[in-house]
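A.B. asks: Quick one, structure for this:
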Amino acid sequence: MPIDLYRIDDRLIHGQVVVGWGQPMNLGFIVLVDDEAAASDWEQELYRMGVPAEMEVYFASVDDAVRRVDEWRADRRHGLLLTGDIDTMRRFTDRATGVRAVNVGGIHHRVGRTERLRYLFLNADEERALRTIEGRGIVVTAQDVPSAKPARLDDLIDGTRAGAP
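C.D. replies: Modelled structure (predicted):
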């Protein structure tokens, strides 16, 4: 079974990912692509504590993820590849082939970001990075939970705010 979901969420592994996405998708594993977490046993242990025992977690730098993505795609279990920021996903999709869609989840408020959805705030550099990903033929949508309707990138960026009149 291929990796079912490529997701960006600045909270990384947390309840919404594990329960909100993991249970409906019957996830067997999560790949956390984060250079810092991949180098820190302490951070890895913290993230593992939030994941049920039957769900495996892999930690990888961008370089490792590019090398190992085919291995994870060959896994018979359902999987999710997760990054904590848009630039990490862009760097991954710059080099990994076969990614068809990217889901943007929580990217929260910071100075310089504009609200696009209640859970999604973007600055100009992040918008450009998402456009770069989309320019590779990858469908980019925003969706906080599986039951929500996905919002297309064009609707998020080209409008002043998604859902605004």
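
A.B. asks: Now do the one helix or strand residue 23 maps to: which elements does it pack against?
C.D. replies: Residue 23 is part of helix 22-25, with elements assigned from DSSP states H and E. Here helix 22-25 touches strand 78-83, going by 3 or more Cβ pairs under 8 Å, 6 or more residues apart in numbering; DSSP states H and E. Just so you know, the C-beta spots here come from the backbone N, C-alpha and C atoms, and that holds for glycine as well.

A.B. asks: quick revisit: as a whole number, average confidence for the helix holding residue 23?
C.D. replies: Across helix 22-25, pLDDT averages out at 90.

A.B. asks: Could you verify my assumption that residue 122 touches residue 107?
C.D. replies: Yes. Taking contacts as Cβ atoms under 8 Å, residue 122 lies within contact range of residue 107: 6.5 Å.

A.B. asks: all strands for the chain, in order.
C.D. replies: 3-8, 27-33, 56-60, 78-83, 101-104, 114-117, 120-122, 139-142, 151-152 (DSSP state E).

A.B. asks: what lines up beside the shortest one in the sheet?
C.D. replies: Each strand that strand 151-152 pairs with, and the sense of that pairing, follows from DSSP bridges: strand 139-142 (antiparallel).

A.B. asks: Okay, buried residues for the partner strand please.
C.D. replies: Across strand 139-142, burial judged by 16 or more other Cβ atoms under 10 Å covers 140, 141, 142.

A.B. asks: Which secondary structure element of the protein has the lowest mean pLDDT?
C.D. replies: Lowest mean confidence among the helices and strands of the chain (mean pLDDT, DSSP states H and E): helix 15, at a mean of 79.

A.B. asks: For that helix, what is the distance to the chain centroid?
C.D. replies: Mean-position distance between helix 15 and its chain equals 14 Å (Cα atoms, centre = their mean, to the nearest Å).

A.B. asks: what ranges of the chain fall below the confidence cut-off?
C.D. replies: Counting by pLDDT under 70, the ranges of the chain that qualify are 1, 159-165.

A.B. asks: Surely residue 5 touches residue 24?
C.D. replies: No. Counting by Cβ under 8 Å, residue 5 stays clear of residue 24, with 10.7 Å between them.
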